[in-house]
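Q: Structure, please.
(2 chains)
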Amino acid sequence: MKKYLLIIFILYSFQLKAQDFKEWTISQAEMEMKSYSKDTSANAVVLNEFGDARITDDDQENIQFKYHTKIKIFKSKGFSNGDILIPIYYGDNNTFETVKDIEAITFYKDNNGMIQKQSFDASKVFKEKKNKHWTYIKFAMPNLQEGCVIEYKYTLRSPYHHTLRKWDFQSELPKVYSEYLVHIPAVYEYNVSLTGPLKLSKNEALLEKDCYSPGGGFKADCSKITYRMENIPAFVIEENMTAPENFLSAINFELSLITDSRGLKHKITQDWKDVDALLKKYEYFGSQIKKKDLFKDQVVTLLADKTDGLSKAKAVYEYIKAWFKWNNQEEKYSESIKKAYESHTGSSGDINLSLAAALNAAGLNPETVILSTRNNGFVNKLYPTLSNFDYVVVKLDIEGKTYLLDATEPLLPFGLLPLRCINDQGRVISFTKPSYWIDMVASQKRTKHYIADLTLQDNGKFKGTITKFSMGYEALGQRKIIKNFNSLEEFVENLDEKLPKIKILKSEISNLDSLEKPLGEVYTIEMDAFDNLNKEKFYFNPFFMDRIPENPFKLNERSYPVDLGAVEDSRIIINITLPDKFSVINQPVNLSLALPDGGGRFISNTLEEGNKFTFSEIKQLSKAIYTSEEYPALKELYNKIIQLQKTDIIFQKAK
Amino acid sequence: MKQKLIFSILICATLSVKSQTNYQVAQIPKELLTRASAVVRNMELNINVKDLDDVTYRYKIATTILNKNGDDEGGLYIWYNKSQQIKSVKGVVYDKFSIPVGKISEKDFKDVSTANGFSLFEDSRAKIFRPAVTVYPYTVVYEYEIHAKQSMVFPDWFPKHSSDVSVENATLQFSSKPNFSIRYRENRYTGDSVKIYKSGDFTTYIWKAKNLEASRYEPYSPSPEEILTSVRIAPNTFKYMGVTGSFTNWNEMGNWMNDKLLKDRNTIPEATANYIRELTLNISDPKLKAKKIYEYMQQKTRYVGVQIGIGGYQPFKAEDVDRTSYGDCKGLANYTQGLLKVAGIDSYYAVIYGDDYKHNALLDFASMDQFNHVILCIPFKNDTTWVDCTNKENPFGYLGDFTDDRLALICTKSGGKLIRTPKFTDEQSLQNRIATFEIDAEGNLSGNIVTTFTGSQYDNRSSIVNEPLAEQLKKFSDFYSIDNAEIQSFKITQDKSIHPVTTETITLKARNYASINGKQLYLPLNMMNRQSPQKEISNRTSAVKINRGYVDVDVTTFILPQGFKIDFKPDNHNIESTCGTYRSTVEQKGEIIKYTRKMKLKEGVYPADKYQDLVNLYQSAYEADNEKLILVAQ
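A: Have a look, this model is predicted:
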């Protein structure tokens, strides 16, 4: 998905003309456009978009980013593109980004069909302090109407040295033309990576003489690099996909080397060896993990009666889980685990680095794994980019077995990571050996087993028990549901009320708090099935548990993989006893389906014996990720299952 | 000075009586624990109006959190803006034995903007805090003070503000000088009747609530404002953002709005005025004139929210809207009023509460805080027409389910008047569907579906109506349960006349619509309009409110494949229930099967015990909707 772009310096001696498109002009053709021929369904299209980023010699406004765009709006549904919102970063009162020189014009046709332009109202640019670090600059384009063209530009100045903005070629709107020009002084080197499937239509570097003079008579040339794409399709989000950033076409910059005024080179983006060393002594990472004294006293108490490594580790894990309340923030660092510890709350960084420190205190040699959550996208593996990672978990090897631990959620059993962590690969940061990649795959399945033992009574009602066992992610989800009620009674009451045909006479829920054991739910029920038993034939649909009402996969084809996170395994067994003299005369066909390459299967079976029958069903999805090529088979599997679920078991009284 | 002293002694005296410093969990009455995730041990609010622009709110709230579901109740969210400042805030956390375990100060709060969606500017912000306590139960006690520079709006007092919370004690105390008089309205208030003390220069009102038990969410309930205990307070004279006013009834409030908020704001620039005159020159019927102008406004403008200062209540000037072509509901209604005036048509600025749920303004209690939206009322001879100026698609004169059938305040020359917006009857809100499906021996379907939507159902396709075809096809499965649908044509048209109709026409094919099982073919009769089952509620307490009724009719004709005979045909159903009716029939004529389904839900308020009737109606409909015709190959 990522390509390394070589920066090739082609040296031209002549001055190039400015590459920004001509401002505040409109062609008749643009005004008359009725739809975008390459995507007639688009409500709006970006006609032209140009960005210019340079590193200046001004300390306070080190990065200057100019943005200029022109958008054709076809339908009123595209008017939201006229509500402009520019997020800017606010570090503290001395260090913050600013937006200046906003200009904006709408071209529209007046009541007489003449082309008019209307400038926006510069007094109506509003600033909203969204939170501590983000401020929104907002304005609205005037006079929007179907067929209008909006054009606006602004300059963003940033004090954050060397942080060149990434450029998203692809967005929700299709674009005719998008170009990004960056000026990089020769004293800096950047790693540049292109994400997404689209190709650049132009990638050219030119020399710009003496463009950079930070002072002291020092001067440097710049390379002036153009990245361009044309005819860019709109980006469409599909269900069950990981972060859109994984698939969006964009260009990213990461500083790798600085040459100072004396000609000395300083490596910035290092290889992993450098990163390992950096993280080890970094005050928000390695230094935090070393703070084992914080847990020294607690650990003594916790380990008092523990002898083996595993039970020690479990005791520490349970202690940390119970101590902290996660603040829902995904972080890989901790400013201070001490502060977090004292306040009982923190980010995933605070909590899991505390866990590592506590395991250290227990003498268990934990390692940490930095990773990128599903919403954050995949990590760049071409070179170490720490900014791609947004989460940290703990890795522990005990007696040849590896456990990955996250203490942010009280209901996670030892060794199970929440699904948000199951994404691509993570980097194991060990302070004793070089770091390395591991696959972030689910350690457990989503497993559910249902068993129903039901007897049909003379009054037409079934009576018996329904049992459900859940393991892995299924148990995690089900425990969360149960705990959302104030008591077990309220949970069962709700369940009973949700199933008007079924009366729950008795219930027993086991291992609700024994997280490593399967969660068991046993319900003694009575179910209304037939008004009476005086009919000729009886139709009974055995698919009343865990039924799939509609195919979850709707699209005819997919562009991106279906990522379910974890493997799924569900089994259903229904034992039915009919009154004497009744017998089955028709049943759903026995079905056995399989996905290619062991990707999954579905088996259903009905066995009858006199007035008893057993219906069983197994559904397995053996892959966590299905590629877009595998998608049609997956969809068809569900289609077949749904077909089957429409059919009934038919029984009758012997004549 | 002396008076102040007396006042503070009074507060101390009343506080010390009520004050509860023991937050031991063991002392919570048992009945307050049922269904509760948190218990408000004590809540005190003291409002003190020293002057029209000098109002102090003092809060003290102690809440015991019983389990993690109550954590939200342990948090604090304080809204503020330029004219409503937080003076102080602090808190203490206690464990279940009432031993203090932590302190909270202002620096622990997060400061956030409260704007949601794209609103150009909102000057309101909030301070937010959530305690991190992992051992339950625990108690959080907050004390904070807010100073407001306005006396127009006072927050409604809800001692119990959500369902799974119970309340041990709550007190509202309101003090002001006698020249600041108030009106108040109690709803479901069962505490001691309000006590009114006079002391020195101040008059004090005290309301108390005690032992309010936790409840749970009950579907089809009246709105929380209707079923929860509350006290509303409205001033007779007030000041807001430098604007003074006084009113004691709706008529006076309308006059005040005319004078202070709306006067001289709807003058239309000459160029546009001329255009409007030209546009309507050859139209003589005033109603058609108004329609033309409304449609002009719809295509010219768009909605952009701007809420700042008095702008929360006062519209943008019409000339601003004319120039930028955007505005919020106030600005657009005011602008449209100006445009209509150019053509000699009078209209009334109308404030209303916009929501799918029908909220009514209180008949005999006038206050500014009962509304969130502005629309326009156009009185013609023998006909009153209403328009929502923020909606770019609505037909002229059509109010959808956001503003239909509720009391709105119109500002006329002779003052404010409460009048009701138009209502759709159950029968008018009709979805009528006719489908013809041909089924082949493999169970594949091909056919067409034509559906018309009227009344409040006119908007049923609003999410896709102007979307491109590709988007409409993607949403097909949001409306129909037919798997494997291959849509051959899909069209939505809207007749925007006085009785608007949306029409959807689809031709499609669907592989495996009917399932084969050996020699049998299972044919689902209804994959287009299926009722979901409704949860039962044991010991329901609140009335059943069906906010809006409707009628759905589906007639599907199946043409069966050759060589099959019917093995099983579902029974006809005819269910009459308190809240509605459900009928379905299956008729056979040779190879033709005609399936007819009619569902009617009756708008109304029914006693709590009728809820089971609604559950039964939905359950019967759900089961009937899932029935299949079984065919056997001969």
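
Q: the domain parsing of the chain - what is it?
A: Answering for chain A, as no chain was given. Following automatic domain parsing, chain A resolves into domains at A:5-267, A:272-439, A:446-653.

Q: meant chain B, my bad for not saying
A: Per automatic domain parsing, the structural domains of chain B span B:2-238, B:247-420, B:430-633.

Q: okay, those domains in CSV with mean pLDDT, mean neighbour count and distance to A:Leu555 next?
A: Yep, even glycine has a C-beta here, placed from its N, CA and C like the rest. Shown next, in CSV, are the domains of chain B (pLDDT from 0 to 100; neighbours: other Cβ atoms under 10 Å in any protein chain shown; distance: least, Cβ to Cβ, whole Å):
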stretch, mean pLDDT, mean neighbour count, distance to A:Leu555
domain B:2-238, 88, 17, 29
domain B:247-420, 93, 19, 28
domain B:430-633, 95, 18, 8
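
Q: Let me have those in JSON lines, adding distance to chain A as columns.
A: JSON lines is the format used below for the domains of chain B (distance: least, Cβ to the nearest Cβ, whole Å):
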{"stretch": "domain B:2-238", "distance to chain A": "3"}
{"stretch": "domain B:247-420", "distance to chain A": "4"}
{"stretch": "domain B:430-633", "distance to chain A": "3"}
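
Q: coming back round to it: could you tell me the least trusted of the domains of chain A?
A: Among the domains of chain A, domain A:5-267 has the lowest mean pLDDT, at a mean of 86.

Q: what residues does the stretch 51-200 of chain A put near chain B?
A: Residues of the stretch 51-200 of chain A lying close to chain B (Cβ under 8 Å from any Cβ of the partner chain) are A:75-77, A:79-80, A:82-83, A:85, A:111, A:118, A:120-121, A:124, A:126, A:128-132, A:138-140, A:142-146.

Q: got the CA positions of the helix or strand A:Gly51 falls within in PDB?
A: According to DSSP states H and E, A:Gly51 maps onto strand A:44-55. Presented in PDB, the C-alpha positions along strand A:44-55 are these (Å, rounded to 0.1, in the frame of the first residue of the first chain):
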ATOM      1  CA  ALA A  44     -19.900  18.600  -6.100                       C
ATOM      2  CA  VAL A  45     -16.400  18.300  -7.600                       C
ATOM      3  CA  VAL A  46     -13.100  19.900  -6.800                       C
ATOM      4  CA  LEU A  47     -12.100  21.600 -10.100                       C
ATOM      5  CA  ASN A  48      -8.700  22.600  -8.900                       C
ATOM      6  CA  GLU A  49      -6.800  22.400  -5.700                       C
ATOM      7  CA  PHE A  50      -3.300  23.700  -4.900                       C
ATOM      8  CA  GLY A  51      -1.200  23.600  -1.800                       C
ATOM      9  CA  ASP A  52       2.200  25.200  -1.200                       C
ATOM     10  CA  ALA A  53       4.300  24.400   1.800                       C
ATOM     11  CA  ARG A  54       7.600  25.900   2.700                       C
ATOM     12  CA  ILE A  55      10.000  26.000   5.600                       C
END
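
Q: Can you spell out which helices and strands pack onto it?
A: Using 3 or more Cβ pairs under 8 Å, 6 or more residues apart in numbering or on different chains; DSSP states H and E, the elements in contact with strand A:44-55 are strand A:63-73, strand A:175-185.
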